[in-house]
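In: Sequence and predicted structure, then a few things I'm wondering about:
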Amino acid sequence: MKTWQKVVGGVAALSAVGAVSVLGAAAGLYLSATRSYARSRRQSKERAIRENTAADNAWYLRHHPVEWTQISQDGLCLRASWLAAEQPTDKVAILAHGLGHAREQMIPWARVFHDWGYAVLMPDARAHGESDGHTIGYGWTDRHDYQQWVNQVVAKNGDQSQIVMLGISMGAATVMATAGEKLPANVKAIIADSGYASVLGEARFRMRHEFHVPTQPTLAIADQYSRLGDYRLADGDIANQLRKSHIPLLLIQGANDETVPVENLDLLYQAAAGPKQKYRDPVAAHIATREEDPERYDRLVADFLAPYVRG
């Protein structure tokens, strides 16, 4: 009997150690995926600049970006660059960058819109670039920040402002999530390049395919652990935001995207309640559709916007 009690006790101890290990792994996974500090914010800015051409970075500086700021609903100071149009205009593009980058990642897109006569606003997402924050929002908490940026554009640029929102990767999730919130009629169209349908679904995919980590039970525990933070991972239902929105939507994704599962394009398209178009590039990787053929990409965007933006 005593021998059996020792065996049971040993198994229980091992199980406890195993449970603690899983809990620790889940907590570590959540923290490593969502936490951002001063060094990583600085690196996100450096990475964005480094990935651009010298010509694009020089163009940006020549146009004398003006710093805009706002205080988020949870007290963060968020920063953005405003590029005035060459001529007075009511057309404004708000551009949202991807994970681990900063506003400068969007310079190539800003240059196109600026050439089309738009003013451009390029925010640093919370916990990226020069914006405050220690928790990455993956587009979910960011949606309220972008509501505020929209309102600031209208307040500063006028009630007749026509706003287009374009985002890539996490930025695509951001503008789609924003679409499901209360927005003024000034927002005329949204373009989402390589976005995901849910924060939790994207986390599951990256765990399996990028980090080769079993998703269960680690992800389920990490999701519960996220309740202690700024938001729960499972709440980040981007597709459901599109079900609440009737803003015209253009979805873009490359068929060789290995960062966001390619089926997300169809999931998002099916969810969208308003006017919608989708384009799947046959060869492009993640956020690389424009790089594959800039002329075709820009024409696709221009043709999509033509019915919705005057002038």
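Out: Structure's in. What do you need?

In: gap between the closest residue to residue 177 other than its chain neighbours and residue 247?
Out: Spatial nearest neighbour of residue 177, chain neighbours left out: residue 143 (3.9 Å); criterion: CB to CB, 6 or more residues apart in numbering. C-beta: built from backbone N, CA, C; applies to glycine. Distance, residue 143 to residue 247, by CB to CB, to the nearest Å: 13 Å.

In: Residue 233 - how many residues pack around it?
Out: Using other CB atoms under 10 Å, residue 233 is surrounded by 26 other residues.

In: Do I have it right that it meets residue 199?
Out: Yes - Residue 233 sits in contact with residue 199 when judged by CB atoms under 8 Å, with a separation of 5.4 Å.

In: where along the stretch 201-311 of the chain do the strands fall?
Out: Here the stretch 201-311 of the chain has its strands, by DSSP state E, counting those that start in this stretch, at 249-254, 276-281.

In: Now the first one: buried residues?
Out: Residues of strand 249-254 classed as buried: 249-254 (neighbour count, 16 or more other CB atoms under 10 Å).

In: which secondary structure elements does that strand contact?
Out: Using 3 or more CB pairs under 8 Å, 6 or more residues apart in numbering; DSSP states H and E as the contact definition, the elements that strand 249-254 packs against are strand 187-193, helix 263-271, strand 276-281, helix 289-292, helix 294-305.

In: Please repeat the previous calculation with a cut-off of 10 Å.
Out: Judged by 3 or more CB pairs under 10 Å, 6 or more residues apart in numbering; DSSP states H and E, the packing partners of strand 249-254 are strand 162-168, helix 170-179, strand 187-193, helix 263-271, strand 276-281, helix 289-292, helix 294-305.

In: just to revisit the earlier point, relative to residue 71, which of the strands of the stretch 201-311 of the chain is closest?
Out: Within the strands of the stretch 201-311 of the chain, the stretch nearest residue 71 is strand 249-254; the backing value is 29.2 Å (CB to CB).

In: what pairs with that closest one, and is each one parallel or antiparallel?
Out: Partners of strand 249-254 in the sheet, by DSSP bridges, are strand 187-193 (parallel), strand 276-281 (parallel).

In: got these as a markdown table, with distance to residue 237, mean pLDDT and mean neighbour count columns?
Out: Formatted as a markdown table, the strands paired with strand 249-254 follow (distance: least, CB to CB, whole Å; pLDDT from 0 to 100; neighbours: other CB atoms under 10 Å):
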| stretch | distance to residue 237 | mean pLDDT | mean neighbour count |
| --- | --- | --- | --- |
| strand 187-193 | 15 | 98 | 26 |
| strand 276-281 | 18 | 98 | 18 |
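
In: can you redo the ones you listed as CSV with distance to residue 115?
Out: Listed next are the strands paired with strand 249-254 as CSV, based on distance: least, CB to CB, whole Å:
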stretch, distance to residue 115
strand 187-193, 16
strand 276-281, 21
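
In: Out of those strands, which is closest to residue 82?
Out: For residue 82, the closest of those is strand 187-193, at 17.3 Å, according to CB to CB.

In: Taking helix 170-179 as reference, get the angle to that closest one.
Out: Interaxial angle of strand 187-193 relative to helix 170-179 (axes from the mean of the first three to the mean of the last three CA atoms, to 10 degrees): 150 degrees.

In: Report the angle between strand 187-193 and helix 263-271.
Out: Between the axis of strand 187-193 and that of helix 263-271 there is an angle of 150 degrees, by the same axes, to 10 degrees.

In: how far does strand 187-193 sit from the chain's center?
Out: Counting by CA atoms, centre = their mean, to the nearest Å, strand 187-193 is centred 13 Å from the centre of its parent chain.

In: next one: stretch 96-109
Out: Its chain's C-alpha centre lies 10 Å from the corresponding centre of stretch 96-109 when counted by CA atoms, centre = their mean.
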